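[1] Predicted model, plus sequence, below.
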Amino acid sequence: MTLIEKYDLPYTRKASLHDHEYESGMHLLRLTIREGHRITAVDIGPEQAKAMGAQMLAWAEKQGA
C-alpha cells in the first residue's frame, strides 16, 4: 500500500488516501478516516473515485474554495 496523502479534518478527525494494490494486480483507492479510536477504511474503484472527486470539487467550488 502506497500513501498518496494525509488530511487533517474538522473536529480532530484525520483522513488518508492510499493506493492499495492487491496480489492480483488490481488497484483500489483506500480512504481511511480516523475518529479517536474508531477507524473506518473504504476501498474505492477508479470509476467511483472519479465520480466522487468531481462531486467533491463541484461542492468545494460552490463553497468558494
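    Noted; the coordinates are in hand.
[2] tell me the mean pLDDT over stretch 52-65?
    If you average the pLDDT over stretch 52-65, you get 94.
[3] Any chance you could list what contacts that stretch?
    Taking Cβ atoms under 8 Å, 6 or more residues apart in numbering as the criterion, the residues outside stretch 52-65 that touch it are I44. Where you see a C-beta, it was placed from the backbone N, CA and C, and this is true even at glycine.
[4] Now find how far off-centre that stretch is within its chain.
    Average the C-alpha atoms of stretch 52-65, do the same for its chain, and the two points are 15 Å apart (Cα atoms, centre = their mean, to the nearest Å).
[5] Likewise for stretch 25-45?
    7 Å.
[6] repeat for stretch 20-27
    Centroid displacement of stretch 20-27 relative to its chain, using Cα atoms, centre = their mean, is 17 Å.
[7] CA atoms only: put it into PDB for me.
    Presented in PDB, the C-alpha positions along stretch 20-27 are these (Å, rounded to 0.1, in the frame of the first residue of the first chain):
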ATOM      1  CA  HIS A  20      -3.900  -0.400  -2.400                       C
ATOM      2  CA  GLU A  21      -2.500  -3.000  -4.800                       C
ATOM      3  CA  TYR A  22      -3.900  -6.500  -4.300                       C
ATOM      4  CA  GLU A  23      -1.900  -9.700  -5.200                       C
ATOM      5  CA  SER A  24      -3.900  -9.900  -8.400                       C
ATOM      6  CA  GLY A  25      -2.500  -6.600  -9.500                       C
ATOM      7  CA  MET A  26      -5.800  -4.700  -9.000                       C
ATOM      8  CA  HIS A  27      -5.500  -1.200  -7.600                       C
END
